[in-house]
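> need the 3D shape of this:
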Amino acid sequence: MHFVYVDESGDAGSKAGSSCHFILCGLLLHHTDWREAKTATLAMRIRLQEQFGFPLPAELHASEFLGRNDRHLNLPRNLRFKCALHALGFLLHNPKLRPLRAIVDKSGLRTETRQLAWQSLLQQARRSSAVRPPEGCQAEGLIVVCDDHRAAPRRDLLNSLGPEIIEGIIEQPFGMDSCDTQFLQLADLLAYLTKQELNPGKAFSDGHSRRILKRLRRLFALCDA
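As a prediction, the model looks like this:
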């Protein structure tokens, strides 16, 4: 059995001013690795506090954390970017947390955007969970945890994905406040950075941001290999 922690970036709309892409990013984690991964993630956050001054209780909300505000959390942007690099490096070297992402280009799209994104992400999760299940574990299925209830797919959307997907999901996907789980904060970071990779804003035009996006591409290239 696996947990899938999911966050989104962009919007699913088609009106003027809507984002060009709708993005879902997730972290796949086997239930037997959950406590170890939680401990490792907490240790990573403690390093961010000790090395860069990022307060342990603070939420890593990427759009604010990596935005143009020069003193968010009283930290200059160069230190906040170093925190993001460190977090990506943590994921690079922690194979028990497997990043996933689904990107939907909305240009000329007539199909339901959320449906396409969730179908892609959950198919990836199913394939990845079947590759190397822990030895001796007979429990199968996905527990989907999203960043609040707005992002969680409802039953009508899940039913549109087909039985081969929804039969593998345990109960109904549900939302949590991202401040309560580091895994959702990391999913949020991946989703935000993917959006910047596709359509970089003004805050992502310097050397620091290019290093972050290079590491992001390396992370997903490693996962896709």
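
> pull out the buried residues from the helix or strand hosting residue 125.
According to DSSP states H and E, residue 125 maps onto helix 113-131. Buried residues in helix 113-131, counted by 16 or more other C-beta atoms under 10 Å: 113-126, 128-129. For the C-beta atoms, the positions are set from N, CA and C on the backbone; glycine is no exception.

> can you tell me who the closest residue to residue 223 other than its chain neighbours pairs with across the strands?
Spatial nearest neighbour of residue 223, excluding adjacent residues (C-beta to C-beta, 6 or more residues apart in numbering): residue 99 at 5.4 Å. The partner list for residue 99 in beta bridges (DSSP bridges) reads residue 27.

> so residue 99 sits right up against residue 219, yeah?
Yes. Counting by C-beta atoms under 8 Å, residue 219 is a contact partner of residue 99 at 5.9 Å.

> what about those two, which has more around it?
residue 99 (23 against 18; other C-beta atoms under 10 Å).

> ok so, going back, overlap in contacts of residue 99 and residue 219?
Listed as contacting both residue 99 and residue 219 by C-beta atoms under 8 Å, 6 or more residues apart in numbering are residue 91.

> low-confidence stretches in the chain?
Applying pLDDT under 70 to the chain flags residues 14, 16-17, 109-111, 132-136, 149-151, 225.

> show me what the helix holding residue 125 is packed against.
strand 2-10, strand 21-30, strand 98-105, strand 142-147, helix 155-160, helix 163-166 (3 or more C-beta pairs under 8 Å, 6 or more residues apart in numbering; DSSP states H and E).

> if we go to 7 Å?
Identification of packing neighbours for helix 113-131 by 3 or more C-beta pairs under 7 Å, 6 or more residues apart in numbering; DSSP states H and E yields strand 2-10, strand 21-30, strand 98-105, helix 155-160, helix 163-166.
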